[in-house]
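Engineer: this one's structure only:
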Ligand code: AHR
């Protein structure tokens, strides 16, 4: 018995030593970062909190940021991947404040819950630039400006395409049975794209049967599509809120023995999606497995840099900076769509 107690004591001691070691290492890492940062006096220091690495769009966005804020260009970038967790992003921002970076760039996972930490950045006098998605704060002065996509406009373009396509094919609006594989709930991209579809379904009399989140990933897209096919036997249009989900949904549809394509009248299931970054998705669009893609442009690095330069010169950039985006389809039956009086030519993927 005594021996067991001694052994347990030794194991506990080893565990405690290991844990303390880990904690010190974390603190050491942070010290090193702070020390390196103070060496970087001649650089413009930027803390970038990226929300995660869920999609090809996100990887392209991260590459654009890392490729822009380089030491050769006069920047010292501290990059933190939030792993899809807002708590990690908040911790990263607090670390940037402690390190006294010149600018904080935030790509927020979701819109709500940023007031306190952005207030801390404001009190520290550090300008915050939002990129890609937005935040929902009571005080808009908590961030300097935002650059990204008009997600609802992307949705209006794709739903205008669906309307034009189905009209040309003589498909009755109420025979359009749609499921929406949504993005990560509460993110600006999901909110805008889901709102756009809901409005279009109401206005056109389409049957929007279900909305389920696929978290912007291929694996979840496949999983939820699999479940939706078991739940409904009349799905003929899948609206995926990004290309990775579309690739997963196509796998599920093909595994179920159904055919993906634009010939709804003959029983094919039409897939539409957003981004136009992933090579497989673009290939699917060329083959007709994805009928239409509304572009979401991820190359924000140079755009954020331009905003930082303006702020550095003491200028006031526009608060909201929208990116121009295209719409792709290999089907020639619809040549253009008009949204809010603007005409968008349909481009080949
Ligand atoms: O916020 C932009 C969206 O986030 C992209 O459409 C999606 O692919 C990404 O994960």
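Structural biologist: On my side now, so go ahead. Quick caveat: nothing in here was measured; it's all calculated off a predicted structure.
Engineer: Mind jotting down where the strands sit in the stretch 51-200 of the chain?
Structural biologist: In the stretch 51-200 of the chain, the segments counted as strands under DSSP state E, counting those that start in this stretch are 75-81, 103-106, 128-131, 145-148, 177-182.
Engineer: Quick check: which of those is nearest to the ligand?
Structural biologist: When these are compared by C-beta to the nearest ligand atom, strand 145-148 sits nearest the ligand, at 7.3 Å. Yep, even glycine has a C-beta here, placed from its N, CA and C like the rest.
Engineer: ok, back up a step: can you list the strands of the stretch 51-200 of the chain in TSV and add mean pLDDT?
Structural biologist: Formatted as TSV, these follow (pLDDT from 0 to 100):
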stretch	mean pLDDT
strand 75-81	98
strand 103-106	98
strand 128-131	98
strand 145-148	98
strand 177-182	99
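Engineer: Make a markdown table out of those and add distance to residue 233 and mean neighbour count.
Structural biologist: A markdown table is the format used below for the strands of the stretch 51-200 of the chain (distance: least, C-beta to C-beta, whole Å; neighbours: other C-beta atoms under 10 Å):
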| stretch | distance to residue 233 | mean neighbour count |
| --- | --- | --- |
| strand 75-81 | 41 | 18 |
| strand 103-106 | 44 | 26 |
| strand 128-131 | 42 | 26 |
| strand 145-148 | 38 | 22 |
| strand 177-182 | 10 | 24 |
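Engineer: Output these in a markdown table; the columns should cover distance to the ligand.
Structural biologist: Formatted as a markdown table, those follow (distance: least, C-beta to the nearest ligand atom, whole Å):
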| stretch | distance to the ligand |
| --- | --- |
| strand 75-81 | 13 |
| strand 103-106 | 13 |
| strand 128-131 | 10 |
| strand 145-148 | 7 |
| strand 177-182 | 11 |
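Engineer: Compare those strands and give me the one nearest residue 44.
Structural biologist: Nearest of the strands of the stretch 51-200 of the chain to residue 44, taken as C-beta to C-beta: strand 75-81 at 5.2 Å.
Engineer: and that closest one, what does it pack onto?
Structural biologist: Packing partners of strand 75-81 (3 or more C-beta pairs under 8 Å, 6 or more residues apart in numbering; DSSP states H and E): helix 2-39, strand 44-50, helix 56-68, helix 86-98.
Engineer: Could you list the residues of the stretch 51-200 of the chain in contact with the ligand?
Structural biologist: Residues of the stretch 51-200 of the chain found near the ligand (C-beta under 6 Å from any ligand atom) are 54-55, 57-58, 132-133, 189.
Engineer: hmm, try it at 5 Å
Structural biologist: By the rule C-beta under 5 Å from any ligand atom, the part of the stretch 51-200 of the chain lying against the ligand is 54-55, 57-58, 132, 189.
Engineer: ok, residue 191 - contacts?
Structural biologist: Contact analysis of residue 191 by C-beta atoms under 8 Å, 6 or more residues apart in numbering lists 111, 151.
Engineer: Contact residues of the stretch 201-349 of the chain facing the ligand?
Structural biologist: 216, 242, 275, 296.
Engineer: rewinding a little: with distance to residue 170 as new columns, can the strands of the stretch 51-200 of the chain be given to me in TSV?
Structural biologist: Output for the strands of the stretch 51-200 of the chain, formatted as TSV (distance: least, C-beta to C-beta, whole Å):
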stretch	distance to residue 170
strand 75-81	49
strand 103-106	48
strand 128-131	43
strand 145-148	38
strand 177-182	16
